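In: no FASTA, just this:
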């Protein structure tokens, strides 16, 4: 197996507070929960852990608070094999939190950014400049994401989540843009569509604005990939019994990037990402549900056969 190129993930670190219930409450309604738990999350941290578990060499660039949550999050990242030398501490600032309700095989999430909003462009570390692949999301300030993209000399991968309209200046720096159907609509400026032709057309629109390659994840319907030569591939899903969708998209991104770091073509890397997402939804939680390389390899063989 070839040696993996180093990956730098620049993004959010949160502490996830998860409540499970039999159904979601309506506005103004109170329902009984069935359990409560806390774990390290944030899209950046989740993607870093997923990539590291998939065998990649990963460095995390993030900002945490000077509190127990931040210290625990940094320790947890290290335990998963992520280099945390560039995880900064923001004084007198709480670590970011996510408040998640899981019910009916789905989830709702409210994010309080905390330290994830306390970045300065001048403090970005040099490790970004030399990485083979740099990954960002949109749970940190947009000016930071743009600055990271412009400093990246390797491959820049942007997971445009949460959904937001993005400037052409940033899109033109994206070697790979990863979105779901709702995020695709927000970035492309189109209506939400789930049909193959509509997604492919939105991909073409984004490529005209400067994006090299676009991936749209579709949950139980798989993914659609348009690579940098304009070829579109429809990838089927791996059937799963859904327990909790929290962090499944991050599993997809992290494992896809891990496979890209090995030199695999984008569509093939995304096949591994689909497997990672399908395995993640079978268990509660985000990072706790992510598969290691051995499991991913075995299930990926089954998926392709």
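Out: Thanks, I have the structure now. Note that the structure is predicted; figures quoted are calculated from it, not measured.

In: Tell me the confidence at residue 204?
Out: Per-residue pLDDT puts residue 204 at 97.

In: and the gap between it and residue 197?
Out: 10 Å (Cβ to Cβ, to the nearest Å). In this view, the C-beta of every residue, glycine as well, is placed from N, C-alpha and C.

In: Contact partners for residue 251?
Out: Going by Cβ atoms under 8 Å, 6 or more residues apart in numbering, residue 251 touches 46, 50, 273, 276-277, 279-280, 286, 289-291.

In: do residue 166 as well
Out: 142, 160, 187.

In: Surely residue 235 is in contact with residue 227?
Out: No. Taking contacts as Cβ atoms under 8 Å, residue 235 lies outside contact range of residue 227: 12.0 Å.

In: Looking at the protein, which helix is longest?
Out: In the chain, with assignment by DSSP state H, the single longest helix is helix 266-280.

In: Determine which residue lies closest to the centroid of the chain.
Out: Taking Cα atoms, centre = their mean, the centroid of the chain lies closest to residue 250, which sits 3.3 Å from it.

In: any idea how far the closest residue to residue 45 other than its chain neighbours is from residue 126?
Out: In this structure, residue 45 finds its nearest non-sequential neighbour in residue 13, 4.6 Å apart by Cβ to Cβ, 6 or more residues apart in numbering. Computed as Cβ to Cβ, the residue 13 to residue 126 distance reads 20 Å.

In: Compare these two (neighbour count), which wins?
Out: More neighbours surround residue 13 than the other of residue 13 and residue 126, with 32 against 9 (other Cβ atoms under 10 Å).

In: all strands for the stretch 151-300 of the chain, in order.
Out: Using DSSP state E, counting those that start in this stretch, the strands of the stretch 151-300 of the chain run over residues 155-159, 176-180, 214-217, 223-226, 232-235.

In: Just name the most buried of those.
Out: strand 214-217 (a mean of 28; mean count of other Cβ atoms under 10 Å).

In: what's in contact with that strand?
Out: 176-181, 184, 199, 202-203, 206-207, 223-226, 249, 252, 256, 266, 270, 273, 277.

In: do the same with stretch 294-305
Out: Applying Cβ under 8 Å, 6+ apart, the contact partners of stretch 294-305 are 54, 238, 255, 271-272, 274-276, 278-279, 291.

In: TSV please, covering those residues and showing distance to residue 88, pLDDT and neighbour count.
Out: Output for the contacts of stretch 294-305, formatted as TSV (distance: Cβ to Cβ, whole Å; pLDDT from 0 to 100; neighbours: other Cβ atoms under 10 Å):
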residue	distance to residue 88	pLDDT	neighbour count
54	26	96	28
238	37	91	18
255	26	98	33
271	35	96	24
272	31	97	25
274	34	96	23
275	33	95	27
276	28	95	32
278	34	93	24
279	32	93	20
291	30	91	23
